[in-house]
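S.K.: Need a 3D model of the sequence below.
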Amino acid sequence: MTNVPSLYLVDDDAAVIDSLQRLVESISLPLVSILKSDQLLDLLSPGSCGCLLLKLNSGHLDLMRRVQTLPVSIETVFLTDASEVALIVQAMQIGASAVLQKPCRSEDLLTAIRSAVGAAYSRKQHLEQNAAGRTRLKSLTKEESHVMRLMLAGRTNQEIADQIQLSLRTVQFRRSSIFRKLKITTKSRLFDLAVTTGLLGELVADVPLMPLESEIPSSVSSEKE
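M.R.: Now for the predicted structure:
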């Protein structure tokens, strides 16, 4: 199964399938129709993306929960022909993109589907960018990672050189290598990458705090003077 954004429909009504097929063709969205819930779970592959359209019932709420545990980017829209307030509230609480009352206008259904597909695609891109960022971070050598962690903790090149007893030139060389491997050009972009990948806390957790001026041994202070 390709990872092209699609509309996934679990329904065995041929008339419903045909009607939706004509509707989504107007926005060039592929329709994937499935007869049973278990077939959907077998069909979805890592990276699948799109909108799942379901009738609102307890079984389909369970299906939505199961889909949410998979490595996919799928948003769910429910259709209901009854005022089942408790089920509607439950659907929204577990993250449904929309719940529409039948019969609904084609325009309203298309709007809900578009919104769900857009949200799913944005989440897919975010996850892919995070994965790519983590891969690039893992490409750094142990020495480069050490320098990077100190950079993220706010150290200047000179402070890094002093702390790990390297020449300033070596620190600058490693910094350039870090930027090249991570495909960034500034320290602020390095910070952004650490934040968006969710690794900032982990990367700086073991970085020792810089001593306060009053804590610097007098002998060191005299040497600097």
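S.K.: which residues of this structure score low on pLDDT?
M.R.: For the chain, residues meeting the criterion pLDDT under 70 lie at 1-2, 208-225.
S.K.: Just give me the residue right at the centre of it.
M.R.: Nearest to the mean C-alpha position of the chain, counting by CA atoms, centre = their mean, stands Leu127 at 3.1 Å.
S.K.: from memory that residue sits against Ser73, does it?
M.R.: Yes. The pair Leu127 / Ser73 is scored as a contact, 6.8 Å apart, by CB atoms under 8 Å. For the C-beta atoms, the positions are set from N, CA and C on the backbone; glycine is no exception.
S.K.: any residues in contact with both of the two?
M.R.: Shared contacts of Leu127 and Ser73, defined by CB atoms under 8 Å, 6 or more residues apart in numbering, are not found at any residue.
S.K.: who's in contact with Asn57?
M.R.: With contacts defined as CB under 8 Å, 6+ apart, the neighbours of Asn57 are Leu87.
S.K.: For it, give me phi and psi.
M.R.: phi -160, psi 170 (degrees, to the nearest 10).
S.K.: separation between it and Arg136?
M.R.: Between Asn57 and Arg136 the distance is 44 Å, computed by CB to CB, to the nearest Å.
S.K.: Same question for Leu127.
M.R.: With distances defined as CB to CB, the gap from Leu127 to Arg136 amounts to 15 Å.
S.K.: go on, Leu152?
M.R.: Using CB to CB, Leu152 is found at 15 Å from Arg136.
S.K.: And Ala82, by the same measure?
M.R.: Spatial separation of Ala82 from Arg136 under the definition CB to CB is 51 Å.
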